[in-house]
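Trainee: structure of the sequence below:
(one chain, ligands or ions: 1)
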Amino acid sequence: MAKKRVLITGGAGFLGSHLCDRFLKEGCHVIAMDNLITGSLDNIQHLFHREDFEFYNHDVSKFVHVPGDLDYIMHFASPASPIDYLKMPIQTLKVGSLGTHNLLGLAKAKGARMLIASTSEVYGDPLVHPQTEDYWGNVNPVGPRGVYDEAKRFQEAMTMGYHTFHGVETRIVRIFNTYGPRMRLDDGRVLPAFIGQALRGEDLTAFGDGSQTRSFCYVDDLVEGIYRLLLSDCADPVNIGNPDEITINQFAEEILKLTGSKSKIIYKPLPTDDPKQRQPNITKAKELLGWSPQFSRSEGLKPTLEYFKDKVK
Ligand code: UDP
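Mentor: Numbers count the residues shown, from 1 in each chain. Now for the predicted structure:
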């Protein structure tokens with residue numbers, strides 16, 4: 001049987017590169033595409049020697065051409081951390097909207113199935129807790145996070161449009177906070193920020209009073225959930241994340257303990273529209289995909305810390 005051919009946009013990014021590894025392991029031919037504004041070739045350096053791997057340096061907001069057949073398109077290109085999308089608001093809006101449109105057109109032309117990376121940010125600062133897929137969210141369209149949140153909400157709408165109107169096979173994963181090796185140390189997210197600060201002996205910067213919550217999922221669990229969703233027949237959005245919720249203060253304490261650091265926790269202003277709580281309801285993923293996270297935070301943090309130890313100077 002011919003190998004399945006998969007296009008992974010954002011293939012040099014944190015999640016995209018892990019997806020490249022997974023699809024290669026599944027025996028697919030992988031085409032990674034990235035314009036490297038937040039991704040890095042370091043994440044896929046180990047794949048360049050392979051004949052079943054190709055890399056295109058391309059911005060998917062512009063017309064996307066891929067020669068040959070495609071079975072799957074995984075749309076993971078986008079700046080994804082708050083400081084990245086604040087620095088690159090227009091690129092973020094374009095990759096979620098124009099990029100998604102281009103890729104849906106490609107999926108239609110190739111008869112490929114397309115999975116888009118949506119986000120818990122579609123729920124904004126949620127008034128329903130834990131967040132279920134039928135919650136419509138509480139998003140400020142013109143706030144600083146609006147460039148990401150609304151691009152992702154548009155992306156979901158566009159994807160549903162191509163599904164219902166053109167019959168394209170589509171899948172939508174709503175990804176909650178995820179961590180693991182290949183995150184960028186300087187992407188501003190709380191986990192690399194705290195680990196970097198702890199390893200350098202600097203104070204840990206909790207924003208606000210640190211009482212806001214997040215629920216962190218290890219990357220291997222996320223990739224497994226995404227892979228199962230792709231192979232399922234569910235076109236509606238599915239949350240993938242780990243429901244183990246903690247406050248940012250507790251998380252800071254945990255990182256101090258893990259690293260054995262003597263650093264203190266200091267407090268900085270809470271960014272505008274920073275969600276106060278976040279926890280995925282994963283009933284749907286459990287029932288439809290037979291999926292639930294396997295890695296506890298202490299298990300997932302070990303390889304993550306090892307990865308960051310090499311990066312901190
Ligand atoms: N945060 C923090 N200190 C940091 C970076 C982030 O306290 O140095 C907080 C941030 O305000 C938010 C939470 O940690 O409440 C998670 O932020 P992150 O940027 O990782 O992702 P988000 O879930 O907000 O998209």
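Trainee: what does the helix ranked longest in the chain rub up against?
Mentor: Assignment by DSSP state H gives helix 146-166 as the longest helix of the chain. Helix 146-166 is contacted from outside by 75, 78-80, 82, 85-86, 89-90, 92-93, 95-97, 100-101, 104, 107-108, 114, 116, 118-119, 121-122, 124, 137, 139-141, 168-170, 172, 235, 237, using C-beta atoms under 8 Å, 6 or more residues apart in numbering. All C-beta atoms are positioned from the backbone trio N, CA, C, and that covers glycine.
Trainee: can you select the buried ones from the residues you listed in ChimeraX?
Mentor: Buried members of the contacts of helix 146-166, defined by 16 or more other C-beta atoms under 10 Å, are picked up in ChimeraX with:
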select :75,78,79,80,82,85,86,89,92,93,95,96,97,100,101,104,107,114,116,118,119,121,122,124,137,139,168,169,170,172,237
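Trainee: if we check the ligand, which of the contacts of helix 146-166 are in contact?
Mentor: Judged by C-beta under 6 Å from any ligand atom, the overlap between the contacts of helix 146-166 and the neighbourhood of the ligand comprises residue 82.
Trainee: tell me which of the contacts of helix 146-166 fall in helices.
Mentor: 82, 85-86, 89-90, 92-93, 100-101, 104, 107-108.
Trainee: among the residues you listed, which one lies nearest to the ligand?
Mentor: residue 82 (4.7 Å; C-beta to the nearest ligand atom).
Trainee: ok, that closest one touching residue 145?
Mentor: Yes - the pair residue 82 / residue 145 is scored as a contact, 6.6 Å apart, by C-beta atoms under 8 Å.
Trainee: would you mind listing where this structure has pLDDT under the threshold?
Mentor: For the chain, no stretch has pLDDT under 70.
Trainee: enumerate the residues of it near the ligand.
Mentor: Within reach of the ligand by C-beta under 6 Å from any ligand atom, the chain has these residues: 81-82, 177, 188-190, 193, 205-207, 212, 214, 248, 270-271, 274.
Trainee: and the contacts of the one helix or strand residue 254 maps to?
Mentor: Assessed by DSSP states H and E, residue 254 sits inside helix 248-259. Applying C-beta under 8 Å, 6+ apart, the contact partners of helix 248-259 are 190-191, 194-195, 198-199, 204, 206-214, 216, 246, 261, 263, 265, 297-298, 301, 305.
Trainee: follow-up on the earlier one: in TSV: the ones in helices among the contacts of helix 146-166, plus distance to residue 46.
Mentor: TSV is the format used below for the ones in helices among the contacts of helix 146-166 (distance: C-beta to C-beta, whole Å):
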residue	distance to residue 46
82	29
85	28
86	31
89	33
90	33
92	28
93	32
100	29
101	32
104	31
107	28
108	33
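Trainee: which of those residues lies closest to residue 29?
Mentor: Nearest to residue 29 among these: residue 107, at 16.8 Å, using C-beta to C-beta.
Trainee: and whichever helix or strand comes after the helix holding residue 254, what does it pack onto?
Mentor: The helix or strand immediately downstream of helix 248-259 is strand 265-268, counting by DSSP H and E. With contacts taken as 3 or more C-beta pairs under 8 Å, 6 or more residues apart in numbering; DSSP states H and E, strand 265-268 sits against strand 204-207, helix 248-259.
Trainee: what about residue 284, which SS state?
Mentor: helix (DSSP: H, G, I helix; E, B strand; the rest coil).
Trainee: residues contacting it?
Mentor: Contacts of residue 284 (C-beta under 8 Å, 6+ apart): 132-133, 238-239.
Trainee: same question, residue 127
Mentor: Here residue 127 is in contact with residue 138 (C-beta under 8 Å, 6+ apart).
Trainee: ok, which stretches of this protein are strands?
Mentor: For the chain, applying DSSP state E gives strands covering 5-9, 29-34, 53-57, 72-75, 113-119, 170-175, 178-179, 204-207, 213-215, 217-218, 238-240, 245-247, 265-268.
Trainee: of all the ones you listed, which one is nearest residue 293?
Mentor: strand 217-218 (5.9 Å).
Trainee: who's in contact with the closest one?
Mentor: Under C-beta under 8 Å, 6+ apart, the answer for strand 217-218 is 176-180, 240-242, 293, 295, 297, 299-300, 304.
Trainee: swap the cut-off to 7 Å and go again
Mentor: With contacts defined as C-beta atoms under 7 Å, 6 or more residues apart in numbering, strand 217-218 is touched by 176-180, 241-242, 293, 295, 300.
Trainee: what's the answer for stretch 58-72, then?
Mentor: Contact with stretch 58-72 is made by 4-7, 9, 31, 33, 35, 77, 94-95, 98-99, 102-103, 106, 110, 112-113, 230, as judged by C-beta under 7 Å, 6+ apart.
Trainee: no more questions from me, cheers.
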